[in-house]
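In: Kindly return the folded structure for what I paste below:
(3 chains)
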Amino acid sequence: MEKNVKNPKIGADRAPASSVAASVEVAKNQDELGAMVAVTIDGNEIKVPFGTTILDAAKKLNIKIPTLCHHEDLKVAGVCRVCVVEVENQRTLQAACAYPITSPMNIKTYSSKVRKARRHNLDLMLKHHVGECYSCFRNNNCELQSLAKEYGVDSYRFGHDTEPHHEVDKSSYSVVRDMNKCIHCRRCVRTCIDLQEVGVLEAVNRGPDLDIATFDDMPLGEVVCINCGQCINRCPVGALRANDPSDEIWEAIDNPEKHVVIQTAPSPRAAIGECFGLPAGTSVTRQLNTAMKRCGFDKVFDTNFTADLTIMEEATELLIRLKKALVDKDANVALPQFTSCSPGWVKYLEHFYPEYTDNLSSCKSPQQMFGALIKTWYAQEAGIDPKNIVSVALMPCSAKKFECNRPEMQDSGYKDVDYGLTSRELAQMIQEAGLDLPNLPHTDFDDPIGEATGAGLIFGATGGVMEAALRTAVEIVTGIKTENVFENLDIIPIRGFEGVKYMEIKVPAAGPVPEILSKALGGAKDFSFLKDAVLKVAVAHGTANAKKVMEDIKAGGKFSECHFIEFMACPGGCLGGGGQPIPTSPEIRKARTQAIYDEEKTLYSRKSHENPTVDRIYGKFLTEGPCGHKSHKLLHTHYVKRGKKIV
Amino acid sequence: MSKSNKNLIVFSEIDIEKALKNALQKSRPDIINEVRDSGLKGRGGAGFPTGIKWNLAASAQGDCKFVICNADEGEPGTFKDRVLLTDYAQQLAAGMVLAGYAIGAKEGIIYLRAEYTYLKADLEKTLEDLRAKNILGENICGKQGFNFDIHIHMGSGAYICGEETALIESLEGQRGEPRNRPPFPVTVGYLGCPTSVNNVETFITALHIVEKGAKWFKTHGTEKSTGTKLFSVSGDCENPGVYEFPMGITIEELLNQVGGQDAKAVQVGGASGNCIPRHQFSKTIAYEDVATGGSIIVFGPHRDMLQVAINFMEFFCDESCGQCTPCRIGTETILEGLDMIEDGCCSVKYLRELVSLGETMQLSSKCGLGQSAPNAFLSIVEHFKSELFDDSFRR
Amino acid sequence: MLASEREQLKSEINEMAKKFNHHRSGLIPVLQHVQNVSRHISPEAMQDIALAFDIHPVEVQGVVSFYSFLSTEKKGKFIIRLCRTITCDMAGKDAVARQLENELDIEFGETTEDGMFTLEFTNCLGMCDQGPAMLVNDDIHTKVTPDKVVDIIESYRKRFGANVIQGEHA
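Out: Now for the predicted structure:
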């Protein structure tokens, strides 16, 4: 039957309504596409490009039209009907988020019809929105609550359910689903299916029975959820949240026998200020250190240290693979090597591309490396019994909660990281302690680990891991200072928000193999085996982009020829993680990224191998060097071929 | 057709081969102009001018275009398409061929509702016969380069798929949830291609119009509602069935013809239509007065209008796609209100709130289903309010 | 479902999907086929179908749960769908419904223990001039009276073992 259709796209176009709504084309008048159309909104005239939505046109006039199902990152749905406006000569109200302006029109955004309709639609949503605001973690940060206030909701006109109609799904280490609060805006569905292409959540049934469900109503912990938490960041209400360990952490803090340490990833410091009214992109690193100390954490460490360590291990691993492939002509060596810092990405690969687990770097993520070292090296140095250490990781990420609960992650002899804590949850703890984060004095990170390099810091942004790895690898392999290869040490082609980034670097010279790597590289004296080679690297962020790259690799395309690929599960990288402050948007993620790159410039070094603590740990503790025996025991891991079959 | 309806105007015998041959000698714009000049409006209920729809699809750019026959007849009280699919299948196919020629499509799809699966085998046979006669296939009726074929796609039980964008979603293997419009299917339709979705009756009527001329068609009906239309008549009348009447017929006249003179109300347009009380029977059935896709349900003097309202609202609760807020929760809320009335525990104040909610549904729902779901409720409240609160009426 | 049955069904699914070039427009025809042959669409089948079309299993479920002629729960050999919409209601569908329940000893929404009959309400069947109307699988019955119900049911019982639905496994 498809004979008339050219190139039917397999599996593509699965997004319904929304996929076409975004792009309006009037084929008979193609030249109109670039044209400007005059519209009048609430008496203000403006010219907008043909096809602009009413919502965007209104924004240009600083006219606020309320929205709920709309989200900048997602395809248009037009289902909540809160953004309806009156368009002259139209019988019905139109959804501003979905209606493209293709001819001059007169629009009213707050006429009595509009206000009445919005209020009614809010009343209807509130009818089945179970729960009270003050017992909800989204209190004061809830889009439904704000709208109810704006539209003067003072009673439940059509009733209000008080008895829960769904069991709260707490099966996942990362994400808690409370469908009693769901208002069926389907942002989570569009996030899961369209934005991330994971496909765990979908609308089922119809009419008043409509629900958002997992496959066969299975618990979230048992389906192919990768725990990225992007759905949490986009839920307008409190139906989705992360699994919050703060009560247990307070308990540990209050227990005098427990030594509670917290490691902090690079991304929370660039975002947590948003929970305290600071504009996105305000870095609060040292105020945050103070806050954590005052909350009662015994030690505050910088995860960037193990990010630096990750670079040492992962770059070495890559060099080993390259040597095996090029010198030993080992046909079984898995290339390209994939980064493994993002636990969402790792689980995505385990589910959807299990045949590629060998390509994943065996390096643990910085969080888990740190966890293993805290309960071994640090415990030893500080003279503390590791069984009394409670290790907390402040992360921008909900998947880190799952990661620290993986059974493999107990190489210290204990659970390496006890709790993954998100930026949002720590913000809550800080507020609970009555601390005014933005105005706290500055405190440095604690010894014995202290400062990390800028290379560790930029792990938070998409392309950051690759950039950090290249800064070290290029210098080691060529013997030339990286800043003489890349101006100012900035590797621009792999920065930015392009979904997939690609870069080739010709190796200009071969340096000597540093002593620390000599054993790992089988006694090779220099890197002549890489001289004149063209190193091909790529960066993908968001699992939908990861999927593109993986499909290309499967098909033997250009990415299959890469040597090293950075994958991050979340759009924008960790800065856009599922544990970061809500809301999220392209602008917010951009501002957070800028904050990290700005802060990086202030650090004493921007290359991981120049971190003195890294030197020290290889000198004193991991004495066989990167990828040595002890490293392998503590800093490396293995993966599970999960597959996507559920039943 | 009902046996009592002997003077068929449009729905008469026609030599489809001859009609198509004549039509294929005309230019595509001529055919579209003829249909447009006839004033024919979509016979499924929405009443969009067919000629304009075809013109939009014809002028839209696209490598492939589709003609879709909406045979997802699900409006309560409507069954004329079932009769047409049974007795006029050849004319339907010919009408689709004509539309394909007019808009430049090579492929036609009949979206047949699951409830009519028993019609499928005969329809397939009809299509096969037409292929043998070169009315379907390549170089149709000798017109070089004009290829067109039709296949049948079965629905799976969803009233909403009668809404054209939901129908297209369903064809594409999706939940039958209406799309945002614009863009309209005539520019972005099935598989992103320009698509004309028309009702069964529309295709057949258009075939007759192109053969007999716009002028002929306009001699029937009113100025704004030209021609004749099929009516599915059911309920409390002596002769239920399918009738062809000129547009503009009064409800009273219609009731006289079908033996429903003692009706106290008539539901025009099915569940999504309006309830017309006896004192308004002088109204005419026409796009400018009481519009309909052809469903006429007659309510006798003994009918409990509350039960009628409940039945319609149950229908919408069951058939709402659930996508947009006003329809998903509004239908359910109004139904609960009607149940409260039945239980004698609904304040008039709350009923007024529900009426106001019904108006919001009409204004702010995403698609025609949600926009028309409260119609029956609102018109029954308007005309039979005292009866709703009258216990003595209940058994 | 037996492993061999799943394999058999899976190969049918893949074959059909191939005909549609694995394009999603073939999804509903495949679902209809599976519904016909196995009287429901099991989670296993949904997963196999998802693989065949390269979509997510939960999307398949989203579609199945949307349409009233598709189901995840196993139905009887004969699904009786009685129209409950207005004119059939006015024509006496309540009495017919009662008698269907009495004859089959089940309530609406249920399936008889022997797996023969499922009783459901449906919306307008387009037989408003001849109500009450009901479908038994694809057959339409009109002007059904409480009295006729037993004969209709018996006529299907007698067909048991005959070629009820082509290609049926179970």
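In: give me the element A:Asn300 is part of.
Out: Actually, residue A:300 is Val rather than Asn. Applying DSSP states H and E as the criterion places A:Val300 in strand A:299-302.
In: packing partners for whatever helix or strand comes next after that strand?
Out: Per DSSP H and E, strand A:299-302 leads on to helix A:304-326 as the next helix or strand towards the C-terminus. Helix A:304-326 sits against strand A:337-338, helix A:366-373, helix A:454-457, helix A:464-478, helix A:612-620, helix A:629-635, with contacts defined as 3 or more CB pairs under 8 Å, 6 or more residues apart in numbering or on different chains; DSSP states H and E. Glycine gets a C-beta too; all of them are placed from N, C-alpha and C.
In: for the ones you listed, which one sits closest to B:Ile103?
Out: Of all those, it is strand A:337-338 that lies closest to B:Ile103, at 49.8 Å by CB to CB.
In: What lies in contact with the closest one?
Out: A:314, A:317-318, A:321, A:345, A:349, A:356, A:359-361, A:563-565, A:567 (CB atoms under 8 Å, 6 or more residues apart in numbering or on different chains).
In: Could you rerun that using 7 Å?
Out: Strand A:337-338 is contacted from outside by A:317-318, A:321, A:359-361, A:563-565, A:567, using CB atoms under 7 Å, 6 or more residues apart in numbering or on different chains.
In: Drop anything exposed from those.
Out: If you count burial by 16 or more other CB atoms under 10 Å in any protein chain shown, the buried members of the contacts of strand A:337-338 come out as A:317-318, A:321, A:359-361, A:563-565, A:567.
In: Out of these, which comes closest to chain C?
Out: Using CB to the nearest CB, the shortest approach to chain C within the buried ones among the contacts of strand A:337-338 belongs to A:Phe567, at 19.9 Å.
In: can you give me how far the strand holding A:Val300 is from the chain middle?
Out: 22 Å (CA atoms, centre = their mean, to the nearest Å).
In: picking up where we left off before, taking the buried ones among the contacts of strand A:337-338 one by one, which sit in strands?
Out: When DSSP state E is applied, those are split such that A:564-565, A:567 fall in strands.
In: Could you export these as CSV, including pLDDT and distance to chain C?
Out: Compiled in CSV, those are given as follows (pLDDT from 0 to 100; distance: CB to the nearest CB, whole Å):
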residue, pLDDT, distance to chain C
A:Phe564, 98, 28
A:Ile565, 98, 22
A:Phe567, 98, 20
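In: can those residues go into a markdown table with extra columns for distance to B:Ala373?
Out: As requested, those are exported to a markdown table (distance: CB to CB, whole Å):
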| residue | distance to B:Ala373 |
| --- | --- |
| A:Phe564 | 57 |
| A:Ile565 | 51 |
| A:Phe567 | 47 |
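In: Can you tell me which of these is nearest chain B?
Out: Nearest to chain B, judged by CB to the nearest CB, of those is A:Phe567 at 29.7 Å.
In: quick one, what contacts the closest one?
Out: Here A:Phe567 is in contact with A:338-339, A:342, A:345, A:540, A:546 (CB under 7 Å, 6+ apart).
In: Quick check: buried residues in the longest strand anywhere in chain B?
Out: Ordering each strand of chain B by length in residues (DSSP E) puts strand B:228-235 first. Neighbour counts over strand B:228-235 (16+ other CB under 10 Å) mark B:228-235 as buried.
In: Number of residues surrounding B:Lys21?
Out: By other CB atoms under 10 Å in any protein chain shown, 15 other residues sit near B:Lys21.
In: Now the most centrally placed residue in chain B: closest residue in space that isn't a chain neighbour?
Out: Residue closest to the average C-alpha location in chain B (CA atoms, centre = their mean): B:Gly44, at 1.9 Å. Excluding the flanking residues, the one nearest B:Gly44 by CB to CB, 6 or more residues apart in numbering or on different chains is B:Asn199, at 3.4 Å.
In: Beta-bridge partners for the one you found, please?
Out: Beta bridges link B:Asn199 to B:Asn70, judged by DSSP bridges.
In: Quick check: it touching B:Leu40?
Out: No - counting by CB atoms under 7 Å, B:Asn199 sits too far from B:Leu40 to count as a contact (10.9 Å).
In: Now name the helix or strand holding the residue in the stretch 201-350 of chain B that chain A sits nearest to.
Out: Relative to chain A, the nearest point of the stretch 201-350 of chain B is B:Gly322 (3.3 Å; CB to the nearest CB). Under DSSP H and E, no helix or strand contains B:Gly322.
In: so what's the residue nearest to it when sequence neighbours are not counted scoring on pLDDT?
Out: Distances taken as CB to CB, 6+ apart place A:Leu210 nearest to B:Gly322, at 3.3 Å, with adjacent residues excluded. pLDDT for A:Leu210: 97.
In: ok, A:Leu210 touching A:Cys185?
Out: No - the pair A:Leu210 / A:Cys185 is not scored as a contact, 11.5 Å apart, by CB under 7 Å.
In: Neighbour count: those two, which is higher?
Out: Taking neighbours as other CB under 10 Å, A:Leu210 and A:Cys185 compare with A:Cys185 leading, 28 against 22.
In: where does that one fall, helix, sheet strand or coil?
Out: coil (DSSP: H, G, I helix; E, B strand; the rest coil).
In: what about the closest residue to it other than its chain neighbours, neighbour count?
Out: Nearest residue to A:Cys185 in three dimensions, chain neighbours excluded: A:Cys69, at 3.9 Å (CB to CB, 6+ apart). Other residues lying near A:Cys69 total 27 when counted by other CB under 10 Å.
In: Let me see the contact set for A:Cys69.
Out: A:77, A:79-80, A:185-187.
In: before we move on, the earlier item: hmm, the longest strand of chain B in reach of chain C?
Out: Yes - counting by CB under 7 Å from any CB of the partner chain, chain C has neighbours in strand B:228-235: B:232, B:234-235.
In: Arrange the residues you listed in TSV, one row each, with pLDDT as further columns.
Out: Output for those, formatted as TSV (pLDDT from 0 to 100):
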residue	pLDDT
B:Ser232	96
B:Ser234	97
B:Gly235	97
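In: how far away is the residue nearest to C:Phe117 when sequence neighbours are not counted from A:Phe301?
Out: Nearest residue to C:Phe117 in three dimensions, chain neighbours excluded: C:Gly76, at 4.6 Å (CB to CB, 6+ apart). According to CB to CB, to the nearest Å, C:Gly76 and A:Phe301 sit 65 Å apart.
In: cool, B:Gln280 as well?
Out: Noted for B:Gln280: a distance of 80 Å to A:Phe301, by CB to CB.
In: In terms of neighbours, single out the busier of these two.
Out: Between B:Gln280 and A:Phe301, counted using other CB under 10 Å, A:Phe301 has the larger neighbour count: 27 against 17.
In: Across the sheet, point out what pairs with that one.
Out: A:Gln263.
In: Surely B:Arg82 is in contact with C:Leu125?
Out: No - with contacts counted by CB under 7 Å, B:Arg82 stays clear of C:Leu125, the gap being 9.0 Å.
In: So which of the two has more stuff around it?
Out: C:Leu125 (28 against 25).
In: Just say helix, strand or coil for the more buried one.
Out: C:Leu125 is classified as coil under three-state DSSP.
In: List phi and psi for it.
Out: When read as degrees, to the nearest 10, the backbone of C:Leu125 gives phi -90, psi 0.
In: So for it, what's the pLDDT?
Out: The model's pLDDT for C:Leu125 equals 97.
In: Next: B:Asn7.
Out: We have a pLDDT of 71 for B:Asn7.
In: residue contacts, residue 66?
Out: Here I'm looking at chain A. Neighbouring residues of A:Pro66 by CB under 7 Å, 6+ apart: A:82-83, A:118, A:147, A:150.
In: wait, chain C
Out: A:206, B:158, B:175-176.
In: remind me which residues of chain A are low pLDDT?
Out: Across chain A, the ranges flagged by pLDDT under 70 are A:1-34.
In: Could I get the full set of helices for the stretch 151-300 of chain B?
Out: B:164-171, B:200-212, B:214-218, B:251-258 (DSSP state H, counting those that start in this stretch).
In: wait, which of the ones you listed is closest to chain C?
Out: Comparing these by CB to the nearest CB, helix B:164-171 comes nearest, at 6.2 Å.
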